[in-house]
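Asker: Sharing a sequence plus its predicted fold:
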Amino acid sequence: MPSSLSNDDLYNDDILTLAASLRNGRLERPCGAARKTAKLCGSEIEIDVAMQGKLVSQCAMRVKACALGQASAAILYKNIIGASLDDICAGQEALRAMLKDGADYPSGRFGALQVLKGAGKYPARHASILLAFDAAIAAIKDSQEEIA
């Protein structure tokens, strides 16, 4: 860990509040589902989605991750309804750029991800933070395979 930052800088009240807000659940009849694991830290997310056309109409997650991964999943969960695959891919790319390249935080639907900007200095945490987006994209793609 960089010596100029402490865990207090990384795990702030906003992140801990988001992490605590997340509730695990399942959809009775998902259109698509996916399970993703971050190999470095062992974080794991399972996600179910229901779709109405090309937009997410329902979502449920089961999350086993650090507070950063949980916070990212909570932000995704709170903003995924009405999102398209393109919306989620754009959010994922903006989040990745923020973490890895120091780019501005995502705007619009996923603007709340700004709370995770400080995690950019912790590359070992990036996979866990991106995991919910990886799982959501895979679940939506799975739902599209069901239609085809």
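Answerer: Now that the structure is in, tell me what you want to look at.
Asker: Can you show me the helices along the chain?
Answerer: 7-10, 13-21, 67-79, 85-101, 123-147 (DSSP state H).
Asker: can you tell me the average pLDDT over the first one?
Answerer: Translated: helix 7-10. Across helix 7-10, pLDDT averages out at 62.
Asker: And for the last one?
Answerer: Helix 123-147 shows a mean pLDDT of 92 in the predicted model.
Asker: Can you list the buried residues in that helix?
Answerer: Across helix 123-147, burial judged by 16 or more other C-beta atoms under 10 Å covers 125-140, 142-143. Glycine gets a C-beta too; all of them are placed from N, C-alpha and C.
Asker: Could you do stretch 25-40 as well?
Answerer: Under 16+ other C-beta under 10 Å, the buried positions of stretch 25-40 are 27, 30, 31, 32, 33, 34, 36, 37, 38.
Asker: got these as CSV, with distance to residue 72 and pLDDT columns?
Answerer: Formatted as CSV, the buried residues of stretch 25-40 follow (distance: C-beta to C-beta, whole Å; pLDDT from 0 to 100):
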residue, distance to residue 72, pLDDT
27, 20, 97
30, 21, 96
31, 23, 95
32, 20, 97
33, 19, 97
34, 16, 98
36, 12, 97
37, 15, 95
38, 11, 91
